[in-house]
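let's see this in three dimensions:
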Amino acid sequence: MATARDVAAYILRQRGPMTAMKLQKLVYYSQAWHLVWDEQPLFGESIEAWANGPVVPELYRAHRGNFRLDAAFDIGGDPDRLTPEQRDTIHAVLDAYGDKSAHWLSELTHREAPWRDTRGDLDDLQRSNAVITTDSMFEYYDALTEENADDV
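Coordinates of the predicted model:
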């Protein structure tokens, strides 16, 4: 199975440079949509509902202290480990979200159920290390595809 670092390295290769926060959100959306389209996780690391949105702590430790990242930054992943299907998911995510700002992506995650429900009654600025489950991600984003199918 790919790792979150593999996914991040691939995203940086395709669309870098970008902020660490934007990278985190793109990795999150890659996981979410891979769950829906391929019905399996893209990577095994957990995603937590931090104050600025979903964060993969393992990935955070790799870029901590670096605001801006590019393909030359050693995130510790191997983008060549990804399968063609995994790359397809990431490309679709980059097409949909890649031109958005880190702030816009963070605000979007704050409006979506996986982050909100995981945080429960916490204020948006309070720290949390509660894990956003893959089940909650699948249910929410899969429902979005069903809503869009009803519009067709």
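
residue ranges for the helices of the protein, please.
4-15, 20-38, 57-63, 84-97, 102-111, 113-119, 134-151 (DSSP state H).

list the buried ones in the second one?
Residues of helix 20-38 classed as buried by neighbour count (16 or more other CB atoms under 10 Å): 20-37. (C-beta placed from N, C-alpha, C; glycine too.)

before we move on, back to that, would you single out the least confident of the helices of the chain?
Note on these: helix 134-151 shows the lowest mean pLDDT, a mean of 87.

and that one, how far from the chain's centre?
How far helix 134-151 lies from its chain's middle: 16 Å, per CA atoms, centre = their mean, to the nearest Å.

output it as CSV, nothing but the C-alphas.
Below are the C-alpha coordinates for helix 134-151, written out as CSV (Å, rounded to 0.1, in the frame of the first residue of the first chain):
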residue,chain,number,x,y,z
THR,A,134,-12.3,6.3,6.5
ASP,A,135,-15.9,5.2,7.0
SER,A,136,-17.0,8.7,7.7
MET,A,137,-15.1,10.0,4.7
PHE,A,138,-16.5,7.3,2.4
GLU,A,139,-20.1,7.9,3.5
TYR,A,140,-19.9,11.7,3.1
TYR,A,141,-18.1,11.8,-0.2
ASP,A,142,-20.0,8.9,-1.7
ALA,A,143,-23.2,10.7,-0.9
LEU,A,144,-22.0,13.7,-2.8
THR,A,145,-21.6,11.5,-5.9
GLU,A,146,-25.1,10.2,-5.4
GLU,A,147,-26.5,13.7,-5.2
ASN,A,148,-24.7,14.7,-8.4
ALA,A,149,-26.0,11.5,-10.1
ASP,A,150,-29.6,12.6,-9.2
ASP,A,151,-29.0,15.9,-11.0
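
who does it touch, helix- and strand-wise?
helix 20-38, helix 113-119 (3 or more CB pairs under 8 Å, 6 or more residues apart in numbering; DSSP states H and E).

which residues are contacting that helix?
Contact with helix 134-151 is made by 31-33, 35-36, 39, 41, 47, 112-114, 117-118, as judged by CB atoms under 8 Å, 6 or more residues apart in numbering.

please repeat the previous calculation with a cut-off of 6 Å.
32, 35-36, 41, 113-114 (CB atoms under 6 Å, 6 or more residues apart in numbering).

for residue 81, state which of these is nearest.
Comparing the contacts of helix 134-151 against residue 81 with CB to CB picks out residue 41 as the nearest, at 14.5 Å.
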